[in-house]
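[1] quick one, what's the 3D model for this:
(one chain, ligands or ions: 2)
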Amino acid sequence: MDKVEGEQEQDQAQLIDGKAIAETIRGEIRDEVARLKEESGGRFEPGLAVVLVGERKDSQTYVRSKKKGCEEAGIKSFGTDLPETATEEEVLAVVREYNADPRVHGILVQLPLPSHMDEEKILMAISIEKDVDGFHPENIGKLAMRGRDPDFVCCTPKGSVELLERSNIPIAGKSAVVVGRSNIVGTPAAMLLQRRNATVTVVHSRTPNPEKYIREADIVIAACGVANFVRGDWLKPGCAVIDVGINAVDDPTKKRGYRLVGDVCFEEAVKVAGQITPVPGGVGPMTIAMLLQNTLEGAKKAYEQGK
Ligand SMILES: NC(=O)C1=CN([C@@H]2O[C@H](COP(=O)(O)OP(=O)(O)OC[C@H]3O[C@@H](n4cnc5c(N)ncnc54)[C@H](OP(=O)(O)O)[C@@H]3O)[C@@H](O)[C@H]2O)C=CC1
Ligand SMILES: Nc1nc(=O)c2c([nH]1)NC[C@@H]1CN(c3ccc(C(=O)N[C@@H](CCC(=O)O)C(=O)O)cc3)C=[N+]21
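    Ligands and ions are numbered 1, 2, ... in the order given. Just a heads-up that it's a prediction; the model follows:
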């Protein structure tokens with residue numbers, strides 16, 4: 001990028017260090033959990049239940065890091081692993097059991113579920129007070145309504161906005177583009193930005209020339225699941241870029257045989273944007289931190305009610 005005389009010199013965007021910010025938040029959660037335990041004389045402990053169906057490697061990895069995150073924060077984790085061949089009824093039975101278990105304040109059913117199951121039916125079975133993923137239609141619906149607040153906000157969109165806020169990037173009055181309109185990332189991300197008074201455009205796979213909108217955006221949240229989709233010359237110089245994408249691309253030089261890249265072409269974007277999240281080390285760690293935060297919030301509500 002050409003440097004304009006008199007402007008502050010900046011060859012590269014500032015990195016938004018999601019890993020470090022998530023670590024700070026996890027420390028805050030750890031302290032709050034410890035305080036809650038002490039106040040209750042050791043009787044109260046937040047609990048998260050994680051349900052995993054099938055043997056997908058990536059899902060197993062995510063579930064493991066969620067459980068590890070719980071352990072470090074002092075949150076008790078419960079886990080149920082079911083085989084790929086499990087029936088919908090079996091998964092529903094597990095969910096109902098956790099709904100009724102007072103030691104459990106949050107329930108997460110790892111997605112995607114095997115294709116023979118009705119995902120929405122299972123998500124709807126999760127008690128609204130324990131829906132720490134924020135995927136229940138009632139929670140998503142409340143997020144869209146003015147004057148209402150959901151019990152829980154979906155972790156990835158919440159983490160994305162938290163990254164902006166903790167990096168002191170203004171949202172109110174700014175123009176934002178969200179790339180992607182899924183129920184669990186794009187749409188709630190757009191609603192969260194709108195709630196914070198950004199003017200939001202959502203582009204998706206049927207949008208001709210998405211770059212037309214992205215060029216105007218002060219804030220870009222990319223969540224389309226297409227590796228390196230957003231190019232550097234689509235960005236408004238100085239904008240903030242939150243890259244939600246997690247895409248594995250073959251890389252024989254890596255031990256795992258692949259590496260992770262985002263939905264934004266980082267090498268190009270870093271030369272144009274003002275701030276940008278890396279992949280890995282950006283939104284991913286925040287998703288887990290927000291899950292722990294939601295679990296703590298749910299636990300605190302249960303604790304207050306039980307007092
Ligand atoms: N960091 C984290 O914690 C998480 C990361 N992710 C990652 O975020 C990304 C998005 O996830 P998710 O929302 O679940 O994905 P989905 O596949 O459910 O949704 C993708 C969205 O992007 C849109 N899209 C697809 N292709 C294009 C294109 N060429 N141009 C414009 N829009 C397009 C789709 O449009 P349409 O609606 O028209 O089909 C859809 O709305 C993935 O890379 C995923 O791995 C997801 C969850 C958590
Ligand atoms: N019910 C449910 N809730 C979810 O929140 C949920 C889900 N299902 N299914 C899958 C997606 C994906 N997801 C991620 C969480 C953490 C990282 C993460 O920590 N990523 C690291 C890298 C990890 C690695 O190296 O493999 C990073 O970006 O730095 C990524 C992705 C949660 N999801």
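
[2] which stretch of helix or strand covers residue 48?
    If you go by DSSP states H and E, residue 48 is part of strand 47-53.

[3] how about that strand against ligand 2, any contact?
    No: using C-beta under 6 Å from any ligand atom, no contact is recorded between strand 47-53 and ligand 2, whose separation bottoms out at 8.6 Å. Quick note: C-beta positions are derived from backbone N, CA and C, even for glycine.

[4] name the nearest residue to residue 225, sequence neighbours excluded.
    residue 245 (6.2 Å; C-beta to C-beta, 6 or more residues apart in numbering).

[5] for residue 32, same thing?
    residue 296 (6.0 Å).

[6] before we move on, what SS does that neighbour have?
    helix (DSSP: H, G, I helix; E, B strand; the rest coil).

[7] quick one: mean pLDDT over the strand holding residue 48.
    The average of the pLDDT scores along strand 47-53 is 98.

[8] which parts of this protein sit against ligand 2?
    61-62, 65, 108-111, 133, 155, 246, 260, 279-281, 284-285, 287-288.

[9] mind checking which of these land in strands?
    Under the assignment DSSP state E, the residues of the chain next to ligand 2 contribute 108, 109, 260 to strands.

[10] okay, the residues you listed in JSON lines with pLDDT and neighbour count next?
    Formatted as JSON lines, those follow (pLDDT from 0 to 100; neighbours: other C-beta atoms under 10 Å):
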{"residue": "108", "pLDDT": "98", "neighbour count": "26"}
{"residue": "109", "pLDDT": "98", "neighbour count": "23"}
{"residue": "260", "pLDDT": "96", "neighbour count": "18"}
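
[11] out of these, which is nearest to residue 84?
    Distance to residue 84 across those (C-beta to C-beta) is lowest for residue 109, with 14.4 Å.

[12] what sits against the residue lying closest to that closest one once chain neighbours are set aside?
    Of all residues not flanking residue 109 in the chain, residue 51 sits nearest, at 4.6 Å (C-beta to C-beta, 6+ apart). By C-beta atoms under 8 Å, 6 or more residues apart in numbering, the contact list for residue 51 reads 79, 80, 82, 91, 94, 95, 98, 107, 108, 109, 110.
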